[in-house]
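Novice: Okay, predicted coordinates and the sequence, questions at the end:
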Amino acid sequence: MVSITTRDASVDFPIFDAKSRSLKKTVLGLVGGNIASDAKVPVIQALHDVTVDLQHGARVGLVGHNGAGKSTLLRLLAGIYEPTRGSALVEGKVAPVFDLGVGMDPEISGYENILIRGLFLGMTRKQMEARVDDIAEFTELGDFLSMPLRTYSTGMRVRLALGVVTSIDPEILLLDEGIGAVDAAFLEKARGRLSDLVERAGLLVFASHSDEFLRQLCTSAIWMEHGQIRQQGSLKEVLRAYKGPDAWPDEAHGAA
Ligand SMILES: Nc1ncnc2c1ncn2[C@@H]1O[C@H](COP(=O)(O)OP(=O)(O)OP(=O)(O)O)[C@@H](O)[C@H]1O
């Protein structure tokens with residue numbers, strides 16, 4: 001069974017080349033993590049005492065202002081960052097989808113990139129070979145799939161990446177927003193595939209600024225503020241607290 005548990009997990013980033021004197025005072029802006037000054041080197045406390053307990057079936061949205069710690073938390077859950085203090089235990093195979101372009105090679109063809117990216121996300125070669133026709137059809141890239149990736153436009157790359165990402169079978173799916181660079185019609189087409197992907201995933205954590213996407217994919221939420229958890233609960237409850245009651249009018253989506 002997949003699960004994610006963190007106990008008072010903190011992640012600090014020491015900034016060795018900070019020159020500004022103002023950084024040496026404790027600064028607490030509206031956005032961003034906390035900057036502590038007691039040490040010789042300024043330290044950004046990107047995450048501070050974060051405790052989460054996520055079990056199989058959880059569909060969690062991460063909300064919060066710019067710099068609140070959403071991406072850092074996702075990277076901690078992916079095992080990319082170790083907690084500076086506290087602990088993080090992840091049971092299950094993680095598919096991190098933070099940047100759609102990561103793992104793509106400009107010199108090889110679209111077809112080859114489909115395979116490589118799939119392997120990177122934990123699929124086997126056999127599984128990817130069985131899915132490649134479906135992915136190709138979804139992307140509508142036609143003969144371009146035989147051309148090197150460097151000949152693609154940004155939108156074409158995103159189509160390819162979305163095709164691959166939505167074809168995998170993840171145990172733990174960690175999604176960072178940034179799936180915006182395609183035209184609206186294509187995104188609409190990708191929505192169904194994204195929902196199916198999330199259905200297949202054992203556990204989803206999705207950082208997003210889009211209420212619409214969050215409502216489509218998540219049932220619960222965590223609100224991050226200055227590197228700490230401000231509130232956890234149902235998506236409705238948390239969105240209302242974070243954005244105000246209008247974020248989720250009673251009549252719009254029924255009871256949470
Ligand atoms: N590699 C890093 N080195 C130093 N500081 C970092 C690093 N990554 C993040 N931070 C800092 O940690 C804090 C949290 O950043 P994070 O990217 O997790 O925020 P976020 O909630 O994902 O923001 P956004 O919505 O803007 O993507 C910020 O103050 C940021 O400046």
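Specialist: Here it is on my side, so go on.
Novice: can you give me the helices in this structure?
Specialist: Secondary structure of the chain (DSSP state H): helices located at 70-77, 110-120, 125-139, 154-165, 184-200, 211-217, 235-243, 250-253.
Novice: Tabulate those helices (TSV), appending mean neighbour count, mean pLDDT and distance to Val11.
Specialist: Quick note: C-beta positions are derived from backbone N, CA and C, even for glycine. Output for these, formatted as TSV (neighbours: other Cβ atoms under 10 Å; pLDDT from 0 to 100; distance: least, Cβ to Cβ, whole Å):
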stretch	mean neighbour count	mean pLDDT	distance to Val11
helix 70-77	23	94	6
helix 110-120	20	93	24
helix 125-139	16	95	33
helix 154-165	22	88	25
helix 184-200	14	83	26
helix 211-217	18	87	24
helix 235-243	19	96	22
helix 250-253	9	62	34
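Novice: looking at these, which is closest to the ligand?
Specialist: helix 70-77 (3.3 Å; Cβ to the nearest ligand atom).
Novice: Which strands or helices does that closest one pack on?
Specialist: strand 3-14, strand 43-55, strand 59-63, strand 85-91, strand 94-97, strand 172-176, strand 203-207, strand 220-225 (3 or more Cβ pairs under 8 Å, 6 or more residues apart in numbering; DSSP states H and E).
Novice: and the angle for it with strand 220-225?
Specialist: 120 degrees (axes from the mean of the first three to the mean of the last three Cα atoms, to 10 degrees).
Novice: who's in contact with helix 70-77?
Specialist: 4, 6, 9, 11, 33, 46-47, 50, 62-64, 81-83, 88, 90, 94, 96, 98, 172, 174, 176, 205, 207, 222, 224, 227 (Cβ atoms under 8 Å, 6 or more residues apart in numbering).
Novice: what residues does the chain put near the ligand?
Specialist: Within reach of the ligand by Cβ under 6 Å from any ligand atom, the chain has these residues: 13, 32-33, 44, 46, 64, 66-72, 224.
Novice: From the residues you listed, pick the one nearest Leu141.
Specialist: The closest of the residues of the chain next to the ligand to Leu141 turns out to be Ser71 (Cβ to Cβ; 29.1 Å).
Novice: quick one: that closest one from Ala78, how far?
Specialist: Going from Ser71 to Ala78 by Cβ to Cβ, to the nearest Å gives 10 Å.
Novice: residues shared between the contacts of those two?
Specialist: Joint contacts of Ser71 and Ala78 (Cβ under 8 Å, 6+ apart) are Phe98.
Novice: Quick one: residues contacting the residue nearest to Tyr111 when sequence neighbours are not counted.
Specialist: Distances taken as Cβ to Cβ, 6 or more residues apart in numbering place Leu145 nearest to Tyr111, at 5.1 Å, with adjacent residues excluded. By Cβ under 8 Å, 6+ apart, the contact set of Leu145 is Ser109, Gly110, Tyr111, Ile114, Ala136, Thr139, Leu160.
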